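**Student:** Pasting the sequence and the predicted coordinates here, then a few questions.
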Amino acid sequence: DVKVTQSSRYLVKRTGEKVFLECVQDMDHENMFWYRQDPGLGLRLIYFSYDVKMKEKGDIPEGYSVSREKKERFSLILESASTNQTSMYLCASSPPVGGEAFFGQGTRLTVV
Amino acid sequence: QKEVEQDPGPLSVPEGAIVSLNCTYSNSAFQYFMWYRQYSRKGPELLMYTYSSGNKEDGRFTAQVDKSSKYISLFIRDSQPSDSATYLCAMRNSGGSNYKLTFGKGTLLTVNP
């Protein structure tokens, strides 16, 4: 059974904190993604990675950075958390060719 | 024009009904089409995956792709209360950016017992 695991289901952080969201996949997929999901806005791509140490900006990268040191792990970093980053964060992975992408269970982040 | 359009609903049906969910798109390069089901406060779960045009059936679920009309559908037969969720369509092309998925905003479905 394919699996994408996000390190936390719920997080509460203070404004200005540095926040790390971790994602691990066990499918040996090359591609990994971070999305945020907000009511009325749908899923928006923050960053993606198509190989170890490779990354590309998505549609809304401002305020975020990522790290991919190992193939199975993709981290999202909020450099200085702000209240407008309160959201549901979703990690996904997919093979390099073909369409199937698999998601983790999501991290509900609240910044106070 | 948005790349992918999906009616947000909400859609409310009685148990046992046939449900039709739809998305339209504008990018003719899309080749791979997916439907996800998302329960409240959970991550999206892949339901159906199709390549190019045609139909695919899996149990009570049927996915249809009509590339000539740029239109995809998901049919749910004999709908159950457990089908109550948000349904997201997603698609990607097979070109240089073939890793990027484009999503609809989702349709909220409620199946009433």
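**Tutor:** Arrived safely.
**Student:** Got phi/psi on the residue of chain B found nearest chain A?
**Tutor:** Chain B approaches chain A most closely through B:Tyr32 (2.7 Å), counting by CB to the nearest CB. C-beta: built from backbone N, CA, C; applies to glycine. Per-residue torsions, B:Tyr32: phi -110, psi 130 (degrees, to the nearest 10).
**Student:** So what touches the strand ranked longest in chain A?
**Tutor:** Counting residues, the longest strand found in chain A (DSSP state E) is strand A:42-51. Strand A:42-51 has contacts (CB atoms under 8 Å, 6 or more residues apart in numbering or on different chains) with A:30-38, A:55-61, A:64-66, A:68, A:71, A:74, A:76, A:90, A:96, B:88, B:99-101, B:103-106.
**Student:** cool, and stretch A:68-86?
**Tutor:** A:13-26, A:28, A:30, A:32-34, A:46-47, A:49, A:51-55, A:63-67, A:89, A:91, A:93, A:109-112.
**Student:** switch to 7 Å and redo it
**Tutor:** Judged by CB atoms under 7 Å, 6 or more residues apart in numbering or on different chains, the contacts made with stretch A:68-86 from elsewhere in the structure are A:13, A:15-26, A:28, A:32, A:34, A:46, A:49, A:52-53, A:55, A:63-67, A:89, A:91, A:109-111.
**Student:** Was I right to think B:Tyr32 contacts B:Arg92?
**Tutor:** Yes. In this structure B:Tyr32 lies within contact range of B:Arg92 using CB atoms under 7 Å: 5.0 Å.
**Student:** Local confidence estimate at residue 17?
**Tutor:** Just going to use chain A. Residue-level confidence at A:Glu17 comes out at 97, pLDDT.
**Student:** Oops, wrong one, chain B.
**Tutor:** The pLDDT attached to B:Ala17 in the predicted structure is 97.
**Student:** neighbours around it, how many?
**Tutor:** Summarising burial for B:Ala17: neighbours were counted as other CB atoms under 10 Å in any protein chain shown, giving 16.
**Student:** Where does B:Met34 sit, in terms of helix or strand?
**Tutor:** strand B:30-38 (DSSP states H and E).
**Student:** Just want the angle from that strand to strand A:42-51.
**Tutor:** For strand B:30-38 against strand A:42-51, the angle by axes from the mean of the first three to the mean of the last three CA atoms, to 10 degrees is 120 degrees.
**Student:** Would you list the strands that strand B:30-38 pairs with, along with their directions?
**Tutor:** In the sheet containing strand B:30-38, the strands it pairs with under DSSP bridges are strand B:45-51 (antiparallel), strand B:85-93 (antiparallel).
**Student:** Dump those strands into CSV; add mean pLDDT as well.
**Tutor:** Formatted as CSV, the strands paired with strand B:30-38 follow (pLDDT from 0 to 100):
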stretch, mean pLDDT
strand B:45-51, 92
strand B:85-93, 93
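**Student:** Enumerate the residues of chain B near chain A.
**Tutor:** B:32, B:34, B:41-44, B:46, B:49, B:51, B:92, B:98-101, B:103, B:105-106 (CB under 7 Å from any CB of the partner chain).
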